[in-house]
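In: Got a sequence here, can you model it:
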Amino acid sequence: MFKQNLASLIRLITNPRKTLTDFVYRQIQYEKKESSLRGDKVPGIAHLSDLDNFAKVSDLDNFVKVSDLDNFVKVSDLMSLLDARAITSSVNPIARVAGYWGYADSTASLTDEHKLAAFLNFQYLEKLYVSLSVASSFKGGDYVEFGSHDLYTLRNMLAAFDVGNLNARFPETQFYAFDIFGKFSDGDVNELPKYDENSKSYFKDFSHSGDLKEHYNNILEEFNVFENRTHLIQGLFEETLPKTQLTNKVGFAFLDCNLVPSYKYVLDWLFDKLQPYSFIYFDEYFDVDGVFSVIERFREKLKKERGLELVYVRPAASVGALFRVFEEPEKFLKRAGDKS
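Out: Numbers count the residues shown, from 1 in each chain. Coordinates of the predicted model:
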């Protein structure tokens, strides 16, 4: 009985809409059958597609209407007064939009908050999937991230590394996040002519709250996953990268630089640090023309001068793209001694 109840609770949490709909449907079928045997007519049962009107009028004591919910829940079966809307929101807001078969339910009744939660959940989840994809085939090396506002993508990789049990094989891996972390003044870029006024405005937008490095360190402390191997490097890339010496090869580079000059600078720095099987992610690859052009020129240079190819792996919400580094086939075969 315990296992059965636990399984029911798990189904409720992972797919509340389907669980509750199935429950109501079973109750209706049961009442119809019982009423048919008694020759009664069951009052108050609406059409199955209209969940707002589902209620068992003859036995309301066994049902509880959940706040702001288009279903009715039997307390004894569903662990008493669980707010399924809250469960859906906290576990998977996309479930508000996607129906049982995967295509969209009507969103007409959703609040603006629910709609935003579903949309942002998809955007953020796509980047988590990028980190999990990397973790599924990681060959070692350091994680380097360029543009780390809010640390959510850094935390994605820390969590993916942890759940993938990669620490057992790669205990030396370090995690670096490069960003201004809220600290910026016009003087920081005045001597860098490649940054125009629009670029300066971009940095200012991320510095309204002042220096946030201590705040972000507190976030990492609370997150408590490989904190002692995680390094927040504060400043413009032009200031910090020349001083940075990695102890390992680059295993995964995550670029969310936004600005074309920043992408150029970071890619120049990474050029001789990428190795076969390294991963590299570009957040604006599909979204910003100038960024796409810079990356494509980098791919050509990497192939021509180092014999390495960037092979496309997957997108992130049609905005970013994950690639993996491989040797050119001809170079690999020559090194392997292939005579064909």
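
In: the strands in the chain, which residues?
Out: 63-65, 72-74, 142-146, 175-179, 230-234, 250-255, 279-282, 308-316, 320-327 (DSSP state E).

In: For these, please prepare TSV with the additional fields mean neighbour count and mean pLDDT.
Out: Using the backbone N, CA and C atoms, a C-beta is placed for each residue, glycine as well. Listed next are the strands of the chain as TSV, based on neighbours: other Cβ atoms under 10 Å; pLDDT from 0 to 100:
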stretch	mean neighbour count	mean pLDDT
strand 63-65	15	43
strand 72-74	21	46
strand 142-146	25	99
strand 175-179	24	98
strand 230-234	19	98
strand 250-255	24	99
strand 279-282	26	99
strand 308-316	17	98
strand 320-327	20	98
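
In: In a markdown table, list those strands along with distance to residue 298.
Out: Formatted as a markdown table, these follow (distance: least, Cβ to Cβ, whole Å):
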| stretch | distance to residue 298 |
| --- | --- |
| strand 63-65 | 58 |
| strand 72-74 | 55 |
| strand 142-146 | 14 |
| strand 175-179 | 18 |
| strand 230-234 | 22 |
| strand 250-255 | 10 |
| strand 279-282 | 9 |
| strand 308-316 | 8 |
| strand 320-327 | 10 |
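
In: what's the closest of those to residue 169?
Out: Residue 169 lies closest, by Cβ to Cβ, to one member of those: strand 250-255, at 11.5 Å.

In: gap between residue 294 and residue 309?
Out: With distances taken as Cβ to Cβ, to the nearest Å, residue 294 is found 17 Å from residue 309.

In: shaky segments in the stretch 1-150 of the chain?
Out: 1-18, 20-22, 24-25, 27-91 (pLDDT under 70).

In: So which of the strands of the chain is nearest residue 204?
Out: Per Cβ to Cβ, nearest to residue 204 of the strands of the chain: strand 175-179, 14.5 Å.

In: Okay, angle between the closest one and strand 142-146 too, please.
Out: 10 degrees (axes from the mean of the first three to the mean of the last three Cα atoms, to 10 degrees).

In: between strand 175-179 and strand 250-255, how many degrees?
Out: Put simply, strand 175-179 runs at 20 degrees to strand 250-255, going by the same axes, to 10 degrees.

In: Partner strands of strand 175-179, with direction?
Out: Based on DSSP bridges, the pairing partners of strand 175-179 within the sheet are strand 142-146 (parallel), strand 230-234 (parallel).
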